[in-house]
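A.B. asks: show me the folded form of this:
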Amino acid sequence: MATFSSGPCPACGGSNRRALGKPDLSRDPIGAPPQTQIVQCDRCHHLRIDPMPSWSSDDFRKLYGDGYFVPDSPRWAQLRGNVNPRARLKRIESLLQTSQRSALEVGAGIYAHFCQLLQSRGWSAVAQEPSEDFAAALRNKGLEVESRSFEELPEDTKFAVIYADSVFEHVADPNLFFSKAAKLLEPGGVLYLVVPHERSLLGNLKQVAARLRRKPCPFLSAYKPPYHLHGYTPESVARFAQSSGLRLACVFLGEDWFWLQALERLPFGIGHLAGALLWMADRFGFGGNLEVGLIRDP
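C.D. replies: Numbers count the residues shown, from 1 in each chain. Next up, the predicted model:
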C-alpha cells in the first residue's frame, strides 16, 4: 500500500510554493488523498505532487504492468531507437572526462535503445530493469541485465556513463537517485537524464485550457499513465546535482519530436498548423523534452 508525505521542495528545500491545481484522479488505481495537488516551488520552479506517494511493490505492479508500453509507429520507432540515442551519445562523449567505456541504462524497460547502441560500439553496457517481464525481453535482445533496483546496486562497480530516459520523473525521492548515481559514477563520468519539460509551450497551453474549462491540472500525471511525480527545471536539476556531488554541465531543450506526432495523429490541416507551432517551440527551448548532462568531476 502506498504511503504519502508532504514537505519542502526536494530540490532546494524551499517552503514557498504555488498550487497549480488538482491532478486527474478519475483513473487512480492506488487511492490518493483527495487533497492532492500539483505544486511548483517559488525558488527553483520544481513541480511535484503533494502529498508525495511512495509506491509499494504491489503498487508498482499495478502501475507498470504489461500494458504500460504501447507499440511505436515505424517513424517514431526509428527516432527513439536510432536518432535520439546517437545524438545523446555525441553530447555525452563531449562531456566525458574518463577513458573508461562502461555504461548503465537505468529503468531500461523493454527497449534499452541506448544499451544496444553502446554494445554495438564496443562498450560494456548493462541494462538495469527490476521488472521480471521487462528484463526477460531485454535478455532476449542479447543484453546484460541487472534486475536489482537502482538503489540496491553495489557501489564497488563504477560506470563511466549512467543514462536514464524517462525515469527520474517517476521516483518519489530524487535526492536518493541523484546521490546513488554519483556513487556509481567513475571520476569524470557522466549522468545523462532525459525528463519531460512540463513547462513547455504545449504544457502551458493545456494548463490555460484546463483552468478555463475547470478541468484537472495537466502537469504531471501521478495517478494515470505515465505516472509522473516530479517536473524538473534546469534550476532544480542544478540543485539536485550540487547536493549529490555532481556538476550540471549540459542543458539541452530540443528534439522532443512532438511536432512529428502532431503530423501523424491530427487531421491534415490541423496537424500541419500544430506541427509548425510545436516545431518553433522546440527550436526556441519551449519543447517538451529536458535533457541534462551531469559530471562527477575527477
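
A.B. asks: which stretches of the stretch 101-250 of the chain form strands?
C.D. replies: 102-106, 124-128, 144-146, 159-165, 185-196, 230-231, 247-252 (DSSP state E, counting those that start in this stretch).

A.B. asks: for residue 274, find the nearest of these.
C.D. replies: Comparison of the strands of the stretch 101-250 of the chain against residue 274 by Cβ to Cβ identifies strand 185-196 as nearest, at 18.4 Å. (Glycine included, C-beta is placed from N, CA and C.)

A.B. asks: in the closest one, what's buried?
C.D. replies: Buried residues in strand 185-196, counting neighbours by 16 or more other Cβ atoms under 10 Å, are found at 185, 186, 188, 189, 190, 191, 192, 193, 194, 195, 196.

A.B. asks: any buried residues in stretch 40-55, and which?
C.D. replies: For stretch 40-55, the neighbour count (16+ other Cβ under 10 Å) marks 40-41, 43-53, 55 as buried.

A.B. asks: stretch 291-298 now?
C.D. replies: Buried-residue list, stretch 291-298, by 16+ other Cβ under 10 Å: 291, 292, 293, 294, 295, 296.

A.B. asks: partner residues bridging the first one?
C.D. replies: According to DSSP bridges, the residues that bridge with residue 291 are residue 194, residue 252.

A.B. asks: got it, and the fifth one?
C.D. replies: Following DSSP bridges, residue 295 is listed with bridge partners residue 190, residue 247.

A.B. asks: check whether it really touches residue 245, as I assumed.
C.D. replies: No. Here residue 295 does not reach residue 245: they are 10.4 Å apart, not a contact under Cβ atoms under 8 Å.

A.B. asks: returning to what we had before: okay, and which of the buried residues of stretch 40-55 map to strands?
C.D. replies: Among the buried residues of stretch 40-55, the members falling in strands (DSSP state E) are 40, 41, 47, 48, 49, 50, 52, 53.

A.B. asks: just the pLDDT for the first one.
C.D. replies: In other words, residue 40. As predicted, residue 40 sits at a pLDDT of 98.

A.B. asks: what's near enough to touch it?
C.D. replies: 17, 18, 20, 46, 47, 231 (Cβ atoms under 8 Å, 6 or more residues apart in numbering).

A.B. asks: for residue 9, see how far away it is.
C.D. replies: According to Cβ to Cβ, to the nearest Å, residue 40 stands 9 Å off from residue 9.

A.B. asks: any shared contact partners between the two?
C.D. replies: Common neighbours of residue 40 and residue 9 (Cβ under 8 Å, 6+ apart) are 17, 46.

A.B. asks: rounded mean pLDDT for stretch 291-298, please.
C.D. replies: Stretch 291-298 comes out with an average pLDDT of 96.

A.B. asks: what does it contact?
C.D. replies: With Cβ under 8 Å, 6+ apart as the test, stretch 291-298 has contacts from 88, 91-92, 95, 97-98, 181-182, 185-195, 232, 234, 237, 241, 245-253.

A.B. asks: not counting its neighbours along the chain, what's nearest residue 55?
C.D. replies: residue 2 (5.6 Å; Cβ to Cβ, 6 or more residues apart in numbering).

A.B. asks: scratch that, residue 261
C.D. replies: residue 76 (7.3 Å).

A.B. asks: how far off centre is the host helix or strand of that neighbour?
C.D. replies: Assessed by DSSP states H and E, residue 76 sits inside helix 74-78. Relative to the centre of its chain, helix 74-78 is centred 20 Å away, using Cα atoms, centre = their mean, to the nearest Å.

A.B. asks: mind checking how far the helix or strand following it is from the chain centre?
C.D. replies: Following helix 74-78 in sequence order, the next helix or strand is helix 84-95 (DSSP H and E). Centroid displacement of helix 84-95 relative to its chain, using Cα atoms, centre = their mean, is 17 Å.
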